[in-house]
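S.K.: Fold the stuff below for me.
(one chain, ligands or ions: 2)
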Amino acid sequence: MAHTATQPIQESPAQLELYFRQMTQIRAFETRCNQAYRKGLAGGYLHVYIGMEATAVGWLHAIRQTYDYIITAYRDHAQPLILGSDPVALMAEIMGRSGGFSKGKGGSMHLYDIEKGFFGGWGIVGGHTPLGAGLAFGSKYKGEDRVTLCFLGDGASNAGVFFESLNMAALWDLPCIFIIENNEFAMGTRLEYHAADTELHKRGFPFGIKHERVDGMDVLQVLSDARRIVDYVRTEQKPYVVEIMNYRFAGHGAADNNRDLYRTKEEEDANALRDPLLRLKTYLKEHNIMNEEKMEAIEEEMEDWADGVMEAAEASPFPNPEEVYSDVYTDMEVEKGH
Ligand SMILES: Cc1ncc(C[n+]2csc(CCOP(=O)(O)OP(=O)(O)O)c2C)c(N)n1
Ligand SMILES: [Mg+2]
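M.R.: Ligands and ions are numbered 1, 2, ... in the order given. Down below sits the predicted model:
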């Protein structure tokens with residue numbers, strides 16, 4: 001989608017540079033995550049966000065960071081990076097080290113940073129969508145004007161619990177934006193094989209929830225749509241269903257080595273032309289905001305940064321096996337009446 005007069009660019013050169021830096025940073029971090037998995041430095045399940053960077057960057061710059069709430073599924077590395085969570089603690093968690101956010105017991109799928117308003121990182125497909133509704137219920141109940149962003153996948157949009165969440169969100173006018181990241185695949189199953197109606201934003205229709213399909217590859221378009229929708233949800237205190245069009249550049253998870261079983265090289269090559277980083281680079285060049293040299297320097301800087309993050313995370317020791325049962329249950333007193 002080209003930038004037209006209908007999308008006035010309000011971004012300053014410094015903001016544009018920040019979006020470019022963050023998208024490049026996510027890609028470098030995710031590339032290291034895949035490498036760590038292949039080297040046996042990260043176990044369990046690990047899913048990267050390569051190709052979807054513009055979605056998280058655009059949406060997270062449209063909210064009040066650390067005030068508004070965010071929750072997502074297991075493809076969860078990008079959001080905390082954008083929010084400024086400690087990258088070494090993130091990588092250490094992914095590598096199962098004691099310096100991680102959950103002392104290495106959560107792993108890649110369960111990142112968390114509540115101080116930043118980031119509520120995870122959930123592995124059960126669709127299972128976090130009622131939690132998203134619950135976060136929005138909590139803020140509304142307390143009379144706050146927070147907005148909750150609840151990201152979920154195209155596959156998750158078929159889960160029964162998602163429809164229950166939509167019902168409650170509509171019934172109670174919850175300020176929750178359900179952002180369906182349509183990356184065209186649920187593991188190795190293509191969209192048209194898993195969804196009876198592939199226009200996933202229509203999931204909002206039976207509940208009377210406003211819904212629309214938007215582009216997820218152009219960070220400036222994402223920002224402009226996200227700002228408009230966030231503004232509506234914050235002001236009206238009502239839910240919204242967004243279907244954001246992406247493509248999953250990598251395999252489902254780091255262990256997916258058989259992409260050729262469910263898609264062709266031609267399809268991958270065609271989608272590579274939609275690369276959100278490529279698109280932003282073209283924009284920055286065409287508008288004389290940044291030249292090729294400066295962009296390359298930033299890319300190199302991020303590669304070095306990611307190497308440093310990985311090295312520092314690797315230096316963190318593994319948790320002591322005696323701690324296997326600690327922090328499993330909380331002994332926190334729950335205040336009565338809350
Ligand atoms: C309830 C449940 N069923 C099945 C799985 C196994 N599973 C993990 S990811 C996944 C696909 C989900 O695809 P999508 O929602 O499109 O998210 P994406 O991986 O594309 O981000 C499945 C079926 C699971 N984790 N939870
Ligand atoms: Mg998907």
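S.K.: Regarding the protein, what is its longest helix?
M.R.: helix 13-38 (DSSP state H).
S.K.: now for that helix, which elements pack on it?
M.R.: helix 53-60, helix 78-83, helix 87-94, helix 219-236, helix 276-286, helix 292-314 (3 or more Cβ pairs under 8 Å, 6 or more residues apart in numbering; DSSP states H and E). C-betas here are computed from N, CA, C, even on glycine.
S.K.: got the buried residues for that helix?
M.R.: 16-17, 19-34, 36-37 (16 or more other Cβ atoms under 10 Å).
S.K.: For the chain, which residues are neighbours of ligand 1?
M.R.: 47, 75, 123-125, 153-156, 183, 185-187, 248, 252 (Cβ under 6 Å from any ligand atom).
S.K.: just the buried members of these?
M.R.: Buried, going by 16+ other Cβ under 10 Å: 47, 75, 123, 125, 153-156, 183, 185-186, 248, 252, out of the residues of the chain next to ligand 1.
S.K.: what sits against Asp76?
M.R.: Shown in contact with Asp76 (Cβ atoms under 8 Å, 6 or more residues apart in numbering): Ser108, Met109, His110, Leu111, Gly120, Gly121, Trp122.
S.K.: Which of those residues has the largest number of neighbours?
M.R.: When neighbours are counted by other Cβ atoms under 10 Å, Ser108 leads those with 29 neighbours.
S.K.: My read is that that one contacts Cys33, right?
M.R.: Yes - using Cβ atoms under 8 Å, Ser108 is in contact with Cys33, at 7.2 Å.
S.K.: Spatially, what comes nearest to Gly126 if we skip its sequence neighbours?
M.R.: Ala159 (2.8 Å; Cβ to Cβ, 6 or more residues apart in numbering).
S.K.: Can you pick out the most distant pair from the residues of the chain next to ligand 1?
M.R.: Greatest spacing in these, by Cβ to Cβ: Ile124 and Arg248 (19.4 Å).
S.K.: For ligand 2, which of the helices and strands packed on helix 13-38 is the nearest?
M.R.: helix 53-60 (11.9 Å; Cβ to the ion).
S.K.: Pull out the buried positions in stretch 308-317.
M.R.: In stretch 308-317, counting by 16+ other Cβ under 10 Å, buried: Val309, Met310, Ala312, Ala313, Ser316.
S.K.: And stretch 282-295, by the same measure?
M.R.: Tyr283, Leu284, Ile289, Met290, Met295.
S.K.: What lies in contact with it?
M.R.: In contact with stretch 282-295 (Cβ under 8 Å, 6+ apart) are residues His3, Pro13, Leu16, Glu17, Phe20, Leu220, Lys281.
S.K.: contacting residues around the third one?
M.R.: Read it as Leu16. Leu16 touches Leu280, Leu284, Ile289, Met290, counting by Cβ under 8 Å, 6+ apart.
S.K.: tell me which of the residues you listed is nearest to ligand 1?
M.R.: Leu280 (21.7 Å; Cβ to the nearest ligand atom).
S.K.: didn't the closest one look like it was pressed against Met23?
M.R.: Yes - at 6.5 Å, Leu280 counts as touching Met23 under the criterion of Cβ under 8 Å.
S.K.: which neighbours do the two share?
M.R.: Ala54, Val219.
S.K.: can you pull out the helices in the stretch 151-300 of the chain?
M.R.: Using DSSP state H, counting those that start in this stretch, the helices of the stretch 151-300 of the chain run over residues 160-171, 191-194, 219-236, 265-272, 276-286, 292-314.
S.K.: Could I get these in TSV, plus columns for distance to Ser85?
M.R.: Below are these laid out as TSV (distance: least, Cβ to Cβ, whole Å):
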stretch	distance to Ser85
helix 160-171	26
helix 191-194	31
helix 219-236	20
helix 265-272	29
helix 276-286	22
helix 292-314	12
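S.K.: Same list, the ones you listed, but as JSON lines with mean pLDDT and distance to ligand 2 please.
M.R.: As requested, the helices of the stretch 151-300 of the chain are exported to JSON lines (pLDDT from 0 to 100; distance: least, Cβ to the ion, whole Å):
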{"stretch": "helix 160-171", "mean pLDDT": "98", "distance to ligand 2": "13"}
{"stretch": "helix 191-194", "mean pLDDT": "98", "distance to ligand 2": "8"}
{"stretch": "helix 219-236", "mean pLDDT": "98", "distance to ligand 2": "17"}
{"stretch": "helix 265-272", "mean pLDDT": "96", "distance to ligand 2": "14"}
{"stretch": "helix 276-286", "mean pLDDT": "97", "distance to ligand 2": "16"}
{"stretch": "helix 292-314", "mean pLDDT": "98", "distance to ligand 2": "25"}
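S.K.: For Pro87, find the nearest of these.
M.R.: helix 292-314 (4.8 Å).
S.K.: If I take that closest one and helix 276-286, what angle do their directions form?
M.R.: 140 degrees (axes from the mean of the first three to the mean of the last three Cα atoms, to 10 degrees).
S.K.: Neighbours of Ala89, how many?
M.R.: 22.
S.K.: Which residue, neighbours along the chain excluded, lies closest to it?
M.R.: Phe101 (5.3 Å).
S.K.: How much space separates the one you found from ligand 1?
M.R.: Taking Cβ to the nearest ligand atom, to the nearest Å as the measure, Phe101 falls 21 Å from ligand 1.
S.K.: Now Asn320. Nearest residue, chain neighbours left out?
M.R.: Ser98 is the one closest to Asn320 (Cβ to Cβ, 6+ apart), at 7.5 Å.
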